[in-house]
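In: no sequence on hand, only this structure:
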């Protein structure tokens with residue numbers, strides 16, 4: 001069974017339906033590419049997927065090892081290139097709450113982030129700049 005069904009709805013927008021849940025996402029072309037920038041662009045979703053995937057995989061690792069990452073915040077910056085127009089870099093800045101993470105827990109989180117299926121699916125030319133910050 002398909003995962004997502006997407007329809008072009010005009011004005012450089014699409015509507016994607018997550019088949020199993022019925023949830024929808026609308027995309028819009030970015031302002032610098034003839035859109036209005038009123039919704040996530042497809043490339044915004046690519047960058048968002050990377051950050052969300054990393055958080056999810058780190059959450060699984062934390063749960064497996066008996067701690068949590070609740071309240072962890074991620075700031076994602078997408079950097080576009082030209083010829084061809086594409087995402088050339090994604091900066092993922094992870095800020096973990098004050099939780100007295102041990103050295104071992106921090107290492108587990110960093111290793112888990114590298115197991116993110118989205119990160120491992122992206123072209124090797126796309127620079128992934130991952131920054132870990134732990135509040136003290």
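Out: It's in. Fair warning: this is a prediction, and the values are worked out from it, not measured in the lab.
In: drop to CA atoms for contacts and neighbour counts, all remaining ones
Out: Fine.
In: domains for this protein, by residue range?
Out: Per automatic domain parsing, the structural domains of the chain span 4-33, 42-134.
In: can I get these in CSV with mean neighbour count?
Out: Converted to CSV, the domains of the chain look like this (neighbours: other CA atoms under 10 Å):
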stretch, mean neighbour count
domain 4-33, 14
domain 42-134, 16
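In: what would those look like in a markdown table with mean pLDDT?
Out: Formatted as a markdown table, the domains of the chain follow (pLDDT from 0 to 100):
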| stretch | mean pLDDT |
| --- | --- |
| domain 4-33 | 97 |
| domain 42-134 | 96 |
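In: residue 118 reaches residue 55, doesn't it?
Out: No - counting by CA atoms under 8 Å, residue 118 does not reach residue 55; the two are 11.4 Å apart.
In: the longest strand seen in the chain: how far from the chain's middle?
Out: In the chain, with assignment by DSSP state E, the single longest strand is strand 86-96. The chain centre lies 8 Å from the centre of strand 86-96; the measure is CA atoms, centre = their mean, to the nearest Å.
In: each with direction, which strands does it pair with?
Out: strand 73-81 (antiparallel), strand 127-134 (parallel) (DSSP bridges).
In: can you add distance to residue 35 and give the ones you listed back as a markdown table?
Out: Output for these, formatted as a markdown table (distance: least, CA to CA, whole Å):
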| stretch | distance to residue 35 |
| --- | --- |
| strand 73-81 | 15 |
| strand 127-134 | 26 |
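In: so who does residue 90 touch?
Out: Residue 90 makes contact with 47, 76, 77, 78, 79, 126, 127, 128, 129, according to CA atoms under 8 Å, 6 or more residues apart in numbering.
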